[in-house]
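J.: Sharing a model prediction with you, sequence too.
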Amino acid sequence: MPVKLTKHFKAIERELQKADKDNRSRAAAHLLGAIKSKISKLGPSAPGEAPGMDSGALLKSAKVTNGKTTSLIGFVAPSFYAHILEFGSKTMAARPVLFPTFAEESETAKRIMSGAWVK
């Protein structure tokens, strides 16, 4: 009697997609925590350093949005000046936090995301 594997393959695919989403969400949460820890210092920051916390708006606006196949990490309203801090302007040197944190934490994020395959 032949065995129908299609049903089993679909179940395996669903399990892998769920594990992928869970691991991606955990990695994004880890990156968000690292970003928030860098911008939680009180007071002004020097050019090239992560921005310091003044009003707390930047810290509150750091968010993760998890979709079916992607996770977005960044700043949302009310932090309309986050891009100026990240990239600088004509009158202010950059105080980047996103890209340096992604670079520093990339290996950890990769380990977290690969958890489903390592178990």
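T.: Arrived safely, thanks for sending. All figures in this text were calculated on a predicted structure; none of them were measured in a lab.

J.: A11 and K18, how far apart?
T.: Distance of A11 to K18, computed by Cβ to Cβ, to the nearest Å: 11 Å. The C-beta positions use only the backbone N, C-alpha and C, and glycine is treated the same way.

J.: Ok, V64 next?
T.: For V64, the distance to K18 - Cβ to Cβ - is 18 Å.

J.: Secondary structure of S89: a helix, I assume?
T.: No: counting by DSSP: H, G, I helix; E, B strand; the rest coil, S89 is not part of a helix but coil.

J.: Hmm, V64 is touching L32, no?
T.: Yes: when contacts are counted by Cβ atoms under 8 Å, V64 is listed as touching L32 (5.0 Å).

J.: Could you name every residue contacting both of these two?
T.: Common contact partners of V64 and L32 (Cβ atoms under 8 Å, 6 or more residues apart in numbering): I73.

J.: name the element E105 belongs to?
T.: Taking DSSP states H and E as the definition, E105 sits inside helix 98-113.

J.: If you count neighbours, what's buried in that helix?
T.: Burial within helix 98-113, assessed by neighbour count using 16 or more other Cβ atoms under 10 Å, is assigned to L98, P100, T101, E105, A109, I112, M113.

J.: Which strands or helices does that helix pack on?
T.: Counting contacts by 3 or more Cβ pairs under 8 Å, 6 or more residues apart in numbering; DSSP states H and E, the secondary-structure elements packed against helix 98-113 are helix 6-38.

J.: so after the helix it packs on, what's the next helix or strand?
T.: helix 57-61.
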